[in-house]
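Peer 1: I'd like to go over a predicted model; first the sequence, then the structure.
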Amino acid sequence: MGGCTAVGRLVLVILNIVFLLISLGLLAVGGILKYMPGTLMDFLLAGAQSALPTAPTGPKGVTLPSDFLPQTLNFLPMVDDVAMVLLVLGAVLFCISFLACCGACYKWRPLLILFTIVMILLILSIAVVGALFLVKDSVLHDTIRSNLAKKTEKEYTTNKNGPFIQITNVLALEMKCCGFTGPSDFVKNLTTDVTDVPQACCKDLNQTCLLTRSPSLIETQGCYDKLQDMIEDSKTYAIVGLVGVLLLLLLEVVFAIVIVVDVGSNKVGQS
C-alpha cells in the first residue's frame, strides 16, 4: 500500500502543478481582458479587419460603410463577461489544485477528502455539460440558439450599428454565415424584407448584393449552426478529448482516495 501511496502522491503533485500553471494563465488572460482589454482584443480585431474583403467600387461608388466593423473592441460588454468567466475558472482551478498539492504533500486527510468530493462533482458536471454540448439538438444548444436569436433581433431593431451587431458582421464575414440562426434573426420575412438583411450576409460582396440584395444572394445558414457543423466534423476528436479529461480527473480521485485510506489505516495502526 505504501508504494501505491507514494506513486499517488507523486502523480497528484505533478498533475496539479500543471493545473496550477494553467490556472495562473487563465487568471493572467482574464486580468488583461478585464483591466487592459485593448492589449488582446485590438490584436484580434486587426486580424479580422485584414481578412475583410474589399467591396468593389464602380460607377455608383458602392463601398462598405465606415461603421461596418468596430474600430475597437475595448467597449464590448462581452469582453468583460469573458474576462469574469476566465477569472472565476482560474480561481476555482487554482483552489482545487492547491488543495490537492497540499493534501498530497502533507497527507492531510481533510484536504484530500474535500478535494475528492469537489473532483467527483466536477467530473459529473463536465460529463453532463460535455454530453449536452456534443449532442447537436440538445436542450443546451436549443437554449443558446434561442437566446442569441432574441438578442440579435433586439439589438438589430434598436441599434443596427451597435457593438453586438458589428460582432455578428465579423462572424458572418469570417465564417460565411448570417446572424446566429439565419437571416430570420434580422427580418421576419426574407422575401419582402431581404434588403434589410446586413450586407455582411452577402455570399459575395459584389455590386448586385450590396445594392439589391435578394434571397439567392444571401447566406441562409446561421453562424451558430455552422459552428455546430464544424464541431460535428471533429466530433470523434472531441469525444476522445472529453473522455481523456474525465479519465485523468478520475485518476486523481482514485489516488486521492488511496492516500486517504492509507493515512487512515496508519493512524489506526499507531493507536
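Peer 2: Received the coordinates, thanks. Residues are numbered from 1 along each chain as shown.

Peer 1: Please count neighbours and contacts with C-alpha atoms only from this point.
Peer 2: Fine.

Peer 1: tell me the centre residue of this protein?
Peer 2: Val82 (8.6 Å; CA atoms, centre = their mean).

Peer 1: gap between it and Gly30?
Peer 2: Separation of Val82 from Gly30 (CA to CA, to the nearest Å) stands at 7 Å.

Peer 1: try Ser125
Peer 2: 23 Å.

Peer 1: cool, Leu217 as well?
Peer 2: Taking CA to CA, one finds Leu217 at 40 Å from Gly30.

Peer 1: Just want to know which of Ser125 and Gly30 has more residues nearby.
Peer 2: Gly30 (25 against 12; other CA atoms under 10 Å).

Peer 1: So Val187 sits against Val194, correct?
Peer 2: Yes - judged on CA atoms under 8 Å, Val187 makes contact with Val194 at a distance of 7.3 Å.

Peer 1: Confirm that the residue nearest to the centre of the chain sits in a helix.
Peer 2: Yes - counting by DSSP: H, G, I helix; E, B strand; the rest coil, Val82 falls inside a helix.

Peer 1: Kindly tell me how buried Ile123 is, as a neighbour count.
Peer 2: Residues near Ile123, counting by other CA under 10 Å: 17.

Peer 1: got the contact list for the residue nearest to it when sequence neighbours are not counted?
Peer 2: Excluding its sequence neighbours, the residue lying closest to Ile123 (CA to CA, 6 or more residues apart in numbering) is Leu246, at 6.2 Å. Applying CA atoms under 8 Å, 6 or more residues apart in numbering, we find Leu246 in contact with Ile123, Ile126, Ala127.

Peer 1: Report the secondary structure state of the first one.
Peer 2: Classification of Ile123 into helix, strand or coil gives helix, according to three-state DSSP.
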